[in-house]
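Trainee: return atomic coordinates for the entry below.
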Amino acid sequence: MSNKIVRPDMSEMPYFTLTANLNPQELASASMALLNAVNSQPKLTQAFRLEVKFLQSSAKFRICLDAVAWYDCYLRVNPDLSKTVEIARKYVSTTRREIPPEEDGPFVIDYKEVKKNKAYMCCTRKHDSKNPLSKCEYDHPMLVCKGNVTTRDGHITTCNYYFPSKLIVQELSTKEYVMLLRKEPIRELLMLPRPIEERVNFNHFDNEMLVKHSDFWSNLLKQRQTLSFHSIALNYGRWELQQSQDKYAQACHAHVHLYFNRENWEYLKQMVKNPEIISKMNARNYPGSSYLLKDCTELEQKRLIPSEHQYMLHTNKSLVYAITKLSEDSKENNKALVNAITKLSENIGKLSGSQEILTETNSLSN
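Mentor: Here you go, the predicted model:
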């Protein structure tokens, strides 16, 4: 790795960042180091995202924390409320300024609506001559992961992640990994470990396990040369389970988001021969909505605006106190000034009287 991890307390941003060379072992080591940094603070593991942007000879890693968790762990403990508000507002303003409109897609994903699409839901019915398979509205996937996974309460169960057959891009898939289109109209691919019965635990990986293996990075770099995606992302915690088919799972089947610009997406279509898949790719010509902008809105609503309101009240209270104190000081100063003038007037009167007596004395002497 070419440098050390830049932590949120150093950058005053909700990120852990690190740069690594395009070497599979080094990329795996960088992933492990960043995940360990997040795991050192359990609250941060509730939801975070690992992003990797590929450059000519290096890869820029960035762990994007849940902005509210970042505020709670790094900013709320600061006794200086003005500094806390300043850091949070600077992050929101900087993020909104730096993300161009073309990177914030027009579609808002409603996962509840996506789940209603029967074409991507695994069929649980029995089929016979009276109920032929060809007339079924549901999906009949050929790939299902049967690896063991641990639930949130510690039980061992089966992954049962099924690969929607109508979203698999066969031309881009390999023996090790399956390429899927997103269910939503978003310009990206999902790269998932292929279930292999002969492998350990059916070749099941979750996102944390996957990025720690140099074999994964070796495969990914080869795919990048072929597919020309510019960056990837993996979700963890609550953000990973958002699309899980088992909401009681602790972690779901690993899936890597591959991101493309418009030109490379068009190039990708030329590799696909299936008309149905090409049609789906044509409908996916826009990026998804920006997660960072969503994070900014959530941070504002849940933490920043209430904190700014609290800071304004505190500032107003301090201002009222300062004005009151100034008014009291002014009254005291005015009173002291009146007393000084009165005393001066009395002294002048006495001096005038003494002058008159001196004048009379001089007259009598003459």
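Trainee: going forward, measure contacts between C-alpha atoms and count neighbours the same way
Mentor: OK.
Trainee: now do the same contact list for D206.
Mentor: Contact analysis of D206 by Cα atoms under 8 Å, 6 or more residues apart in numbering lists A251, C252, H253, A254, H255.
Trainee: now it: how far from H255?
Mentor: According to Cα to Cα, to the nearest Å, D206 stands 8 Å off from H255.
Trainee: check L75 too.
Mentor: 32 Å.
Trainee: between the two, who's got more neighbours?
Mentor: Set side by side, L75 and H255 show more neighbours around H255, with 23 against 20, by other Cα atoms under 10 Å.
Trainee: count of neighbours near the nearest residue to that one once chain neighbours are set aside?
Mentor: Once flanking residues are discounted, H255 sits nearest to L192: 4.7 Å by Cα to Cα, 6 or more residues apart in numbering. The local packing of L192 (other Cα under 10 Å) involves 23 other residues.
Trainee: and if you look at K294?
Mentor: K294 has 12 nearby residues by other Cα under 10 Å.
Trainee: that one - that's part of a helix, no?
Mentor: Yes - assessed with DSSP: H, G, I helix; E, B strand; the rest coil, K294 lies in a helix.
Trainee: how near is the closest residue to W70 other than its chain neighbours to L75?
Mentor: Nearest residue to W70 in three dimensions, chain neighbours excluded: P14, at 5.7 Å (Cα to Cα, 6+ apart). Relative to L75, P14 is positioned 10 Å away (criterion: Cα to Cα).
Trainee: about what we covered before: counting contacts, what elements does the host helix or strand of the residue nearest to H255 pack onto?
Mentor: Counting by DSSP states H and E, the element that carries L192 is strand 188-193. The contact analysis (3 or more Cα pairs under 8 Å, 6 or more residues apart in numbering; DSSP states H and E) places strand 188-193 against strand 177-181, strand 256-259.
Trainee: export those to JSON lines and tack on mean pLDDT?
Mentor: Output for these, formatted as JSON lines (pLDDT from 0 to 100):
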{"stretch": "strand 177-181", "mean pLDDT": "97"}
{"stretch": "strand 256-259", "mean pLDDT": "98"}
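Trainee: could the ones you listed go into a markdown table alongside mean neighbour count and distance to L234?
Mentor: Putting those into a markdown table (neighbours: other Cα atoms under 10 Å; distance: least, Cα to Cα, whole Å) gives the following:
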| stretch | mean neighbour count | distance to L234 |
| --- | --- | --- |
| strand 177-181 | 22 | 15 |
| strand 256-259 | 21 | 5 |
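Trainee: okay if I get the ones you listed as a markdown table plus distance to F216?
Mentor: A markdown table is the format used below for those (distance: least, Cα to Cα, whole Å):
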| stretch | distance to F216 |
| --- | --- |
| strand 177-181 | 10 |
| strand 256-259 | 11 |
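Trainee: out of those strands, which comes closest to S31?
Mentor: Minimum separation from S31 across those (Cα to Cα) falls at strand 256-259, 13.6 Å.
Trainee: name the residues that touch the next helix-or-strand element following the closest one?
Mentor: Under the assignment DSSP H and E, the closest C-terminal helix or strand after strand 256-259 is helix 262-269. Contact with helix 262-269 is made by R187, L227, S228, F229, I278, M281, N285, Y286, as judged by Cα under 8 Å, 6+ apart.
Trainee: so which of those residues is the closest to H314?
Mentor: H314 has its nearest neighbour among these in Y286, at 45.2 Å by Cα to Cα.
Trainee: how far away is the nearest residue to S218 once chain neighbours are set aside from L227?
Mentor: Nearest residue to S218, sequence neighbours excluded (Cα to Cα, 6+ apart): P24, at 5.2 Å. Going from P24 to L227 by Cα to Cα gives 18 Å.
Trainee: cool, K317 as well?
Mentor: On the measure of Cα to Cα, K317 and L227 end up 60 Å apart.
Trainee: higher neighbour count, the two?
Mentor: Between K317 and L227, counting by other Cα under 10 Å, L227 is the more crowded of the two (18 against 12).
Trainee: can you check the pLDDT for the nearest residue to that one once chain neighbours are set aside?
Mentor: Nearest residue to L227 in three dimensions, chain neighbours excluded: L268, at 6.5 Å (Cα to Cα, 6+ apart). Confidence at L268, expressed as pLDDT, is 96.
Trainee: also S345?
Mentor: pLDDT, S345: 69.
Trainee: need the contact list for F61.
Mentor: T17, L18, T19, A20, A30, S31, L50, E51, V52, K53.
Trainee: which is the next helix or strand following the one helix or strand in the chain whose mean pLDDT sits lowest?
Mentor: Across the helices and strands of the chain, mean pLDDT, DSSP states H and E gives its lowest value to helix 111-115, namely a mean of 49. Heading C-terminal from helix 111-115, the first helix or strand you meet, by DSSP H and E, is strand 148-150.
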